[in-house]
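got a sequence here, can you model it:
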Amino acid sequence: MLHENTSADSLDTVTTGTEDGAFQRKGHSTRILSPEEVERLAKDQVLVSEFKQLKLEKEAQKNWDLFYKRNSTNFFKDRHWTTREFEELKACREFADQKLTILEAGCGVGNCLFPLLEEDLNIFVYACDFSPRAVEYVKKNSLYSTERCKVFQCDLTKDDLLENIPADSVDVVTLIFVLSAIHPDKMHLVLKNIYKVLKPGKCVLFRDYGLYDHAMLRFKSGSKLGENFYVRQDGTRAYFFTEEFLSKIFKSEGYEQVVNEYVHRETVNRKEDLRVPRVFLQSKFQKPFSKT
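This next block holds a predicted model:
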């Protein structure tokens, strides 16, 4: 069970029910850990060897490609919650049927892309992913149309987006459960890359793992790569964000912060009587109209 924070931060939280039966609240406080959880995290200080860390970095693309080979298009559910969570996808229009250009950075096999194309006929989507196999799955989808989207393989830390997207041409960038898979030292390179194609005054919509999410506490000893950074058994990596860290890296690349808050969800498994605390960071950062 999540503890309700009684600090001043709790005054601006919003609690809502969601379609999947989970309860959700937003605010600026991290989850309060139980004494057992605090002790477990304190004990887990041994880092994966430097040799293995370098190997994981070198083989990051291969590990994600193998992930998609194993799971095909079946691992993630289609994300029909995107427009509900990010009203900005609708609100950023100046008039009702304005055509929007979107970049989905890290599109996977299209679980967010295709629901968006179905729900909104007035969008053109650029979509890219690290994994060549994921990109091929997108192209083979019956909903894929080159008139409405352009998908391409891209390592956002080093491949220039300007090779596929005109400068200052994108209305909205979605960065959803993508940055967490990248080494923290390279995250700023992704944000710098995206900045070039985003129109001045337009936004990046971000959602990813937050500090003390249930997934973070499930890692076994020997999985830690660095502060809040872990490796899964399949070699893919996961970083768990604090509000402060995310704000710092976006601002260092010239973005202005619009919204940046934790989303606390308590997912209930009634069959097993389990309550699972999920913590995400949901944010919106804007490219300023002019560089100061």
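
show me what counts as buried in stretch 210-225.
By neighbour count with 16 or more other Cβ atoms under 10 Å, stretch 210-225 contains the buried residues Gly210, Leu211, Tyr212, Asp213, His214, Ala215, Met216, Leu217, Phe219, Ser223, Lys224, Leu225. For the C-beta atoms, the positions are set from N, CA and C on the backbone; glycine is no exception.

give me the contacts around it.
The set of residues that contact stretch 210-225 without belonging to it, under Cβ atoms under 8 Å, 6 or more residues apart in numbering, is 30-31, 33, 37, 40-41, 43-48, 53, 56, 209, 228, 230-232, 237-238, 240-242, 262-263, 276-281.

and Val276, what does it touch?
Taking Cβ under 8 Å, 6+ apart as the criterion, Val276 is in contact with His214, Glu266, Thr267, Val268, Asn269.

show me what it is bridged to.
Taking DSSP bridges as the rule, Val276 bridges to Thr267.

look up how far Tyr209 lies from it.
As defined by Cβ to Cβ, to the nearest Å, Val276 lies at a distance of 14 Å from Tyr209.

can I get the buried residues of stretch 210-225 in CSV including secondary structure?
Putting the buried residues of stretch 210-225 into CSV (DSSP: H, G, I helix; E, B strand; the rest coil) gives the following:
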residue, secondary structure
Gly210, strand
Leu211, coil
Tyr212, coil
Asp213, coil
His214, helix
Ala215, helix
Met216, helix
Leu217, helix
Phe219, coil
Ser223, coil
Lys224, strand
Leu225, strand
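
let's have the residues you listed in a markdown table, adding distance to Val151 and pLDDT.
A markdown table is the format used below for the buried residues of stretch 210-225 (distance: Cβ to Cβ, whole Å; pLDDT from 0 to 100):
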| residue | distance to Val151 | pLDDT |
| --- | --- | --- |
| Gly210 | 29 | 96 |
| Leu211 | 32 | 96 |
| Tyr212 | 34 | 95 |
| Asp213 | 29 | 94 |
| His214 | 32 | 91 |
| Ala215 | 28 | 92 |
| Met216 | 31 | 94 |
| Leu217 | 35 | 91 |
| Phe219 | 32 | 93 |
| Ser223 | 32 | 94 |
| Lys224 | 34 | 94 |
| Leu225 | 30 | 95 |
